[in-house]
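>>> Give the three-dimensional model of this entry:
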Amino acid sequence: MKKNILYLLFLVFATTSFGQFSIKLPKVKFVDYLSEERGFFVRYGQFQINFDYDVDSNNALAIVKNPQKHIEKLKKCLNIAKEKNINVIVFPEVSMSLPKNMQKDIISTMEKYSKENDAIIIAGTFYDSLRYCKNVVVMPNGTYYSYKIRPSIFECSPLAKEGMLFSDTLHVFRTKYGNFLPLVCVDLISDDANYMVRNLSNKGLIDMLVNINFNPKSQEFMREASSMTVRHPLFVSLTNVSLFQQSCTLDGDEYGNTSLFGSVNSDFFREKLAKNIPSCYKTEDGKTLQPAYKYMLGIINPEIEGLLVYDINLRIIRTAFEANAPDQGYPTIKNLEVVKLNF
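Below you'll find the model as predicted:
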């Protein structure tokens with residue numbers, strides 16, 4: 001009798017415990033644009049720009065503080081992107097959180113630019129009328145809206161009809177410029193979304209993770225990005241706003257640090273790249289990066305507005321095991337530079 005009771009208790013506990021692990025992972029939706037014309041080297045550009053936001057009294061969510069000034073800055077960025085022949089243009093989180101008529105106009109401008117220049121624009125986020133956070137992705141074949149899955153602490157509210165709502169769908173864009181997955185801010189460190197990224201990478205379904213931010217804890221995200229690229233065949237880009245703060249505060253409230261992480265071919269290349277990375281991320285000898293930031297390839301300091309531009313090699317996302325593979329092409333990334341912007 002005693003054994004039967006213990007067995008029943010164990011069975012109830014096991015069933016209850018299983019229920020705790022039955023939450024569904026995010027769904028994945030695929031969007032295609034000429035993926036059969038996939039390129040060799042393609043150019044990405046990440047814009048670290050300065051702007052601030054107000055809190056909308058209707059829903060307690062962010063809206064750009066000076067929308068007209070912000071829109072003019074976005075247009076100037078598009079002109080720079082054209083000069084630099086950038087294929088995939090990335091703006092920070094909140095960039096599309098604008099009054100409806102102004103949002104419509106700038107998206108229309110981006111759609112025209114995208115078609116005329118065969119470019120993709122990851123334009124940034126806004127909150128729709130239902131309080132979902134949407135990220136605008138403009139491509140020559142149409143405009144798409146991906147979702148932020150989890151709210152940050154700044155987007156939560158204990159009150160009804162306030163704060164961002166959870167979502168359940170990630171979007172993978174399979175394009176001539178590579179397969180990329182946009183993630184917004186804290187989704188990078190969300191267990192569910194993070195797992196999906198690593199799983200998609202292991203299956204060879206994404207080349208680039210594009211994480212856009214309005215984020216005061218940039219270094220935590222940098223360490224996560226480096227960890228991902230150490231373990232997985234993947235580039236990870238982080239695009240944040242600049243608030244003109246001092247760099248290297250190390251876990252202080254530090255915005256900026258727009259950066260790229262990935263694999264390169266040799267220690268020689270790593271040392272060359274490390275010369276342009278702040279000393280606080282390096283080992284004592286200054287030649288290599290600390291283990292937590294091991295796969296950082298480039299960074300824009302928080303003090304400036306800038307553009308991080310580079311070409312990634314879609315034939316060899318991760319360093320080849322053999323040196324004799326010329327048809328794959330070397331290196332994994334080239335033409336990396338930081339361009340200081342003077343608006």
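
>>> the strands in the stretch 151-300 of the chain, which residues?
Remark: strands assigned in the stretch 151-300 of the chain by DSSP state E, counting those that start in this stretch are 169-175, 178-184, 208-212, 235-239, 259-261, 296-299.

>>> Output those strands as CSV; include the columns distance to Leu250, mean pLDDT and mean neighbour count.
All C-beta atoms are positioned from the backbone trio N, CA, C, and that covers glycine. CSV is the format used below for the strands of the stretch 151-300 of the chain (distance: least, Cβ to Cβ, whole Å; pLDDT from 0 to 100; neighbours: other Cβ atoms under 10 Å):
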stretch, distance to Leu250, mean pLDDT, mean neighbour count
strand 169-175, 31, 97, 20
strand 178-184, 24, 98, 24
strand 208-212, 20, 98, 26
strand 235-239, 16, 98, 29
strand 259-261, 15, 98, 27
strand 296-299, 14, 97, 26
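
>>> Arrange those strands in TSV, one row each, with distance to Ser247 as further columns.
Conversion of these to TSV gives the following (distance: least, Cβ to Cβ, whole Å):
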stretch	distance to Ser247
strand 169-175	31
strand 178-184	23
strand 208-212	19
strand 235-239	14
strand 259-261	12
strand 296-299	9
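
>>> For Glu305, which of those is the nearest?
strand 235-239 (12.2 Å; Cβ to Cβ).

>>> what ranges do the helices span in this structure?
Here the chain has its helices, by DSSP state H, at 2-20, 67-83, 100-117, 191-202, 218-231, 267-274.

>>> got the contact list for the residue positioned nearest the centre of the chain?
Central residue of the chain (Cα atoms, centre = their mean): Asn211, 1.1 Å from the mean position. Applying Cβ atoms under 8 Å, 6 or more residues apart in numbering to Asn211 gives the contacts Pro182, Leu183, Val184, Cys185, Asp187, Leu188, Phe221, Ala225, Val236, Ser237, Leu238, Thr239.

>>> do the same with Pro26
Ile149, Ser167, Asp168, Thr169, Leu170, Asp192, Ala193, Met196.

>>> For the third one, grab phi and psi.
The phi and psi values for Asp168, taken as degrees, to the nearest 10, are phi -140, psi 10.

>>> how near is it to Ser237?
24 Å (Cβ to Cβ, to the nearest Å).
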